[in-house]
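Participant: take this sequence and fold it.
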Amino acid sequence: MITSFEASLNQISVHKVGNKAQDEYMVLSEQPLGIEDEMLKNLLMTYFLKPFEKVNEVYRFTHATDDLALNEIYHFAKKAFESGSNFHDISQQITRHLYDVSTHPKIKAGEVYIVNFESVQIEGELHKAIGIFKSETKETYLKVYPDAGGFSLSYEQEAINIQKLDKGCLIINTEAEEGYKVLVIDQTNKSGEAVYWKDDFLKLKIRNDSFNQTHNVLGLYKNFVTEKISEDFEISKPDKIDLLNKSMKYFKEKEKFDLEEFSDEVIGNEVASKSFKNMMSSYEQEFDTPLSGGFDISSQAVKKQNANYKTVLKLDKNFHVYIHGDRSMLEQGFDDIKGKNYITLFYDKEA
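Facilitator: Here you go, the predicted model:
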């Protein structure tokens, strides 16, 4: 989604946030961090930006009252983008807000980095960006170095692995009136009661672009086939896999999603189609995300969801049958003599 080879780090402020409910401290630095070492700058750029190169979902800031100005991080980001000064003061305000929402017992203490970037590329365009990052996980590293004709060994405790960003938020200075483009990473505290980073701190909603529309419909359909459809029909596992394969084929071959066309060509049953449409309608209302009107299909989202579509039929502990295509080439039955189910596969030649 983003590329960072043209990006540069303009300013960075580092603070520390503990768990407010556990009476842990917040420590605010008095001035920005000065970094002259180019190698250190490059390591920080890797730590902060590289994880976002694999992030496809784009969010926007939101607020329950629909007044974006009441979203704290949106307010601070807008102020920083527009003023271009007192960035360190704004970083302190952002950190105070993070401390105020750090009240769940599972939230860990950690350093907070507020960073001002130039020339971050997203969707082919260069923009200024503000990064908010938090490191919670510390590791121990061994260091080997030459010593008196041999080698010596030491270690570094409480160190940060630059390949493992715990939490991150990248606010791109574009589409401000709609809530900016925002990318998020949260590798820790993924349990439902502890997802404070995205929900309480940032207050985000998914941007309803073609990637997310495609991703959401494929995710909904997968849940429909694997869980919901069994409530209305007695359906075999191979038939479920066939429905998943048909949907993936549709999304790979079509340029636009049309709900009626999809219902006819993929689901092919009036009752099941109505059930899926109701499922989509409930999702649209709950998340305020229009889908049923149609949208351009994102090949990136299809590729990502394809990896989540399981088309493997597991038979006891003896066999795994991968079903990729024609369902009619597979027949099921029951052998009365052996008292076991069986499957017959028809094929022309071995691969």
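Participant: rest of the way, CA atoms for contacts and neighbours
Facilitator: OK.
Participant: Val271: neighbour count?
Facilitator: Val271 is flanked by 12 other residues according to other Cα atoms under 10 Å.
Participant: that one belongs to a strand?
Facilitator: No: looking at Val271 with DSSP: H, G, I helix; E, B strand; the rest coil, it is helix, so not inside a strand.
Participant: quick one: residues contacting it.
Facilitator: Neighbouring residues of Val271 by Cα atoms under 8 Å, 6 or more residues apart in numbering: there are none.
Participant: go again using 10 Å as the cut-off
Facilitator: Residues in contact with Val271 (Cα atoms under 10 Å, 6 or more residues apart in numbering) are 229, 232-233.
Participant: gap between it and Lys277?
Facilitator: Per Cα to Cα, to the nearest Å, Val271 is found 10 Å from Lys277.
Participant: thinking again about what came up before, out of the contacts of Val271, who's the most crowded?
Facilitator: In the contacts of Val271, the most neighbours by other Cα under 10 Å go to Ile229, 19 neighbours.
Participant: and that residue, what pLDDT?
Facilitator: Predicted confidence (pLDDT) for Ile229: 89.
Participant: what are the ranges of the strands in the stretch 51-200 of the chain?
Facilitator: Remark: strands assigned in the stretch 51-200 of the chain by DSSP state E, counting those that start in this stretch are 59-61, 110-122, 125-135, 139-147, 150-159, 167-172, 181-186.
Participant: Asn212: which of these is closest?
Facilitator: Asn212 lies closest to strand 59-61 among the strands of the stretch 51-200 of the chain, at 9.7 Å (Cα to Cα).
Participant: what helices or strands is that closest one leaning on?
Facilitator: When contacts are defined as 3 or more Cα pairs under 10 Å, 6 or more residues apart in numbering; DSSP states H and E, strand 59-61 packs onto helix 72-83, strand 167-172, strand 181-186, strand 204-206.
Participant: and the closest residue to Ser29 other than its chain neighbours, how far from His75?
Facilitator: Leaving aside its sequence neighbours, Ser29 sits nearest to His15 (Cα to Cα, 6 or more residues apart in numbering; 5.6 Å). Computed as Cα to Cα, the His15 to His75 distance reads 20 Å.
Participant: what do you get for Phe233?
Facilitator: For Phe233 relative to His75 (Cα to Cα), the value is 51 Å.
Participant: kindly report the same for Arg96.
Facilitator: 14 Å.
Participant: those two: which is more packed in?
Facilitator: Arg96 (18 against 15).
Participant: quick one, what contacts that one?
Facilitator: By Cα under 10 Å, 6+ apart, Arg96 lies in contact with 15-17, 26-28, 90, 102.
Participant: let's go with 8 Å and repeat that
Facilitator: Arg96 makes contacts with Met26, as judged by Cα under 8 Å, 6+ apart.
Participant: check Lys252 too.
Facilitator: Contacts for Lys252 (Cα under 8 Å, 6+ apart) come out as 299, 302.
Participant: so where's the stretch 251-351 of the chain uncertain?
Facilitator: 325-326, 351 (pLDDT under 70).
Participant: can you give me the strands for it?
Facilitator: Remark: strands assigned in the stretch 251-351 of the chain by DSSP E, counting those that start in this stretch are 256-257, 295-296, 312-315, 319-322, 330-335, 340-345.
Participant: my guess is the residue nearest to Ser29 contacts Glu30. True?
Facilitator: No: counting by Cα atoms under 8 Å, His15 does not reach Glu30; the two are 9.2 Å apart.
Participant: neighbour count winner among those two?
Facilitator: Each of His15 and Glu30 has its neighbours counted (other Cα under 10 Å); His15 has more, 21 against 12.
Participant: given the stretch of helix or strand the more buried one belongs to, what are its sheet partners and their directions?
Facilitator: Counting by DSSP states H and E, the element that carries His15 is strand 8-17. Applying DSSP bridges, strand 8-17 is found paired with strand 26-27 (antiparallel), strand 110-122 (antiparallel).
Participant: looking at those, which is buried most?
Facilitator: Most buried of the strands paired with strand 8-17, by mean neighbour count (mean count of other Cα atoms under 10 Å): strand 110-122, with a mean of 21.
Participant: the domain parsing of the protein - what is it?
Facilitator: The record's domain parsing of the chain by automatic domain parsing lists 2-207, 211-345.
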